[in-house]
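**Student:** With the sequence up front, the predicted model follows.
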Amino acid sequence: MAVENAPPKRALITGITGQDGSYLTELLLSKGYLVWGVIRRSSSFNTGRIDHLYQDPHENDVRLRLVYGDLGDASSLNRILKTVRPNEVYNLGAQSHVKVSFDVPEYTGDVTGLGTVRLLEAMRELDLDDARFYQASSSELYGKVMETPQSETTPFYPRSPYAAAKAYSFHVTRNYRESYGMFAVNGILFNHESPRRGETFVTRKISRAAARIKLGQQQKLYLGNLDAKRDWGFAGDYVEAMWKMLQVEEPNDFVIATGQTTTVRQFCDWCFEELGMPVHWEGEGVNERGLLSDGRVAIEVDPQYFRPAEVDLLLGDSSRAQKALGWRPKVSAEELAKMMVRSDMALAESEAAQKAGTFQQELC
Ligand code: NDP
Ligand code: GDR
């Protein structure tokens, strides 16, 4: 509980422009925090997910500020930490796409792996002893299936440059905790999604395509491995767990998951069914394809989306977090699929309306 008249807590978030960064910012602002977000310079605007939280920095009592920096640039991290002197640091920034990490392995290692030690080392050098550090660790650490459900004691077997970089970050975070007594923790989060999910992750790719196919804006959806199984939760629930991990007395690492696993194929079924377009996966002429009930081919497998090494099955056991943090997932994968496809339907409709407007403008 907040002490009356105590100064507001200061949080620094890397990856504030990403899916989780936007939900976490909303949560921390609602709790009265002052939030600083690290953004990268980009040739086009990259703040779309947090634009609704914008506050004019010239006004008084500004609660959200953005600063330029990069996890690949230690000097920028040092400068930011020195200026902000946060109570809590959330390291969410990363090259976070598993498939892309096979294409840019060294860059992924630098940002997703070494970026973490750059932050931790800057905190140590600046004597930010009281600051608490959250590392966005991932269920990708488990990789090749050794046991299910996967918990804090399951051995790691990373299957991509991304997962290998996250393994480095996991261990270095734990190492700074044990070596220097820092309050540094890993949240081992299983896949979590939302209407704000990046459009190249499979759930959003599916929900967006289903809406566009419904409106005739897209003909087909090309996917990779339809049999991969993921434990999908809602990002809004998961950022609460991040915050809770930094509020407990003793630092510890926690798995955050729903305890249910679903195939990519099933996620497709939920999205297309929600829009009244059930997909048939079996029957005459259906070979690695999903046919819509009206006979149109909606889904086709394209091997370009296969990964050099796949993670077949993720299913998490979050009982430690449930017990120690009182955290529980609130949204099931099916509810999540429906939430996402409804949101993408509204988006596709507004895009269609804008296009109609453009035509009218051209005519007049
Ligand atoms: P996103 O891909 O949506 O966001 C990644 C963020 O990192 C963006 O803000 C991006 O900035 C920023 N970023 C990328 N490169 C750099 C860099 N060099 N320096 C500083 N910032 C950088 O990821 P999510 O929000 O989904 O995930 C948040 C974190 O949690 C990531 O570390 C991810 O690996 C991890 N994670 C995610 C899970 C999930 O299911 N979502 C599960 C487990 C872990 P920009 O907008 O400019 O690209
Ligand atoms: P993942 O998420 O790799 O689990 O990493 P993604 O949504 O990319 O893939 C999930 C599964 O779906 C299969 N798949 C496809 N994936 C994509 N992107 N595109 C496709 O067309 C496609 N077809 C099938 C994949 O092979 C995979 O098995 C996410 C990221 O957010 C990481 O940062 C995070 O650490 C993990 O979740 C937990």
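**Tutor:** Perfect, I can see it now. Residues are numbered from 1 along each chain as shown. Ligands and ions are numbered 1, 2, ... in the order given.
**Student:** buried ones in stretch 67-85?
**Tutor:** 69, 70, 71, 72, 74, 76, 77, 78, 80, 81, 84 (16 or more other C-beta atoms under 10 Å). (C-beta placed from N, C-alpha, C; glycine too.)
**Student:** Over to stretch 118-134?
**Tutor:** Quick answer for stretch 118-134 (16+ other C-beta under 10 Å): 118, 119, 120, 122, 123, 128, 131, 132, 133, 134.
**Student:** Between the buried residues of stretch 67-85, which sits nearest ligand 2?
**Tutor:** Nearest to ligand 2 among the buried residues of stretch 67-85, counting by C-beta to the nearest ligand atom, is residue 71 at 14.4 Å.
**Student:** Low-confidence stretches in the stretch 1-150 of the chain?
**Tutor:** The model of the stretch 1-150 of the chain has pLDDT under 70 over residues 1-4.
**Student:** how about the helices of it, start to end?
**Tutor:** For the stretch 1-150 of the chain, helices defined by DSSP state H, counting those that start in this stretch occupy the ranges 19-30, 74-84, 98-103, 105-108, 115-125.
**Student:** Ok, which of these comes nearest residue 209?
**Tutor:** helix 98-103 (17.1 Å; C-beta to C-beta).
**Student:** same for that closest one, what does it pack against?
**Tutor:** The contact analysis (3 or more C-beta pairs under 8 Å, 6 or more residues apart in numbering; DSSP states H and E) places helix 98-103 against helix 161-180.
**Student:** Residues touching the helix it packs on, excluding its own?
**Tutor:** Outside helix 161-180, the residues within contact range by C-beta atoms under 8 Å, 6 or more residues apart in numbering are 91, 94-98, 100-102, 105, 108-109, 111-117, 120, 124, 133, 135, 137-138, 140-141, 143, 156, 158, 182-186, 188, 251, 253, 311.
**Student:** Go again with 6 Å.
**Tutor:** 98, 101, 105, 108-109, 112-113, 116-117, 120, 135, 137-138, 140-141, 143, 156, 158, 182, 184, 186, 251 (C-beta atoms under 6 Å, 6 or more residues apart in numbering).
**Student:** Same question for stretch 23-31.
**Tutor:** Counting by C-beta under 6 Å, 6+ apart, 11, 16, 35, 50, 53, 63, 235, 236, 239 sit against stretch 23-31.
**Student:** what's the farthest-apart pair in those?
**Tutor:** For the contacts of stretch 23-31, the maximum inter-member distance is 21.3 Å, found between 63 and 235 (C-beta to C-beta).
**Student:** So between the two, which is more surrounded?
**Tutor:** Neighbours were counted for residue 63 and for residue 235 using other C-beta atoms under 10 Å; residue 235 has more, 22 against 14.
**Student:** Report the contact partners of that one.
**Tutor:** Contacts of residue 235 (C-beta under 6 Å, 6+ apart): 19, 20, 23, 192, 194.
**Student:** Let's test this: what are the backbone torsions at the closest residue to the second one other than its chain neighbours?
**Tutor:** This means residue 20. Nearest non-adjacent residue to residue 20, counting by C-beta to C-beta, 6 or more residues apart in numbering: residue 92, 5.2 Å away. Phi and psi for residue 92, reported as degrees, to the nearest 10, are phi -100, psi -10.
**Student:** just checking, residue 92 touches residue 19?
**Tutor:** No: the pair residue 92 / residue 19 is not scored as a contact, 9.0 Å apart, by C-beta atoms under 6 Å.
**Student:** and whatever residue of the stretch 51-200 of the chain ends up closest to ligand 2, bridged to which residues?
**Tutor:** Taking C-beta to the nearest ligand atom, ligand 2 has its nearest neighbour within the stretch 51-200 of the chain at residue 138, 3.2 Å off. Residue 138 has these beta-bridge partners by DSSP bridges: residue 189.
**Student:** any idea how far it is from residue 20?
**Tutor:** In this view, residue 138 and residue 20 are 11 Å apart by C-beta to C-beta, to the nearest Å.
**Student:** And residue 166, by the same measure?
**Tutor:** Distance check for residue 166 against residue 20: by C-beta to C-beta, it reads 14 Å.
**Student:** between those two, which one's more packed in?
**Tutor:** More neighbours surround residue 166 than the other of residue 166 and residue 20, with 30 against 26 (other C-beta under 10 Å).
**Student:** related to what we said a few turns ago, can you redo the helices of the stretch 1-150 of the chain as CSV with distance to ligand 1?
**Tutor:** Below are those laid out as CSV (distance: least, C-beta to the nearest ligand atom, whole Å):
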stretch, distance to ligand 1
helix 19-30, 4
helix 74-84, 9
helix 98-103, 9
helix 105-108, 8
helix 115-125, 6
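**Student:** JSON lines please, covering these and showing distance to residue 57.
**Tutor:** Formatted as JSON lines, those follow (distance: least, C-beta to C-beta, whole Å):
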{"stretch": "helix 19-30", "distance to residue 57": "15"}
{"stretch": "helix 74-84", "distance to residue 57": "14"}
{"stretch": "helix 98-103", "distance to residue 57": "33"}
{"stretch": "helix 105-108", "distance to residue 57": "31"}
{"stretch": "helix 115-125", "distance to residue 57": "24"}
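**Student:** which residues of the stretch 201-350 of the chain fall in helices?
**Tutor:** With DSSP H, counting those that start in this stretch, the ranges of helices along the stretch 201-350 of the chain come out as 202-214, 235-245, 264-274, 319-325, 333-363.
**Student:** So for the fourth one, what gets flagged as buried?
**Tutor:** Along helix 319-325, the positions that meet the burial threshold by neighbour count (16+ other C-beta under 10 Å) are 320, 321, 322, 325.
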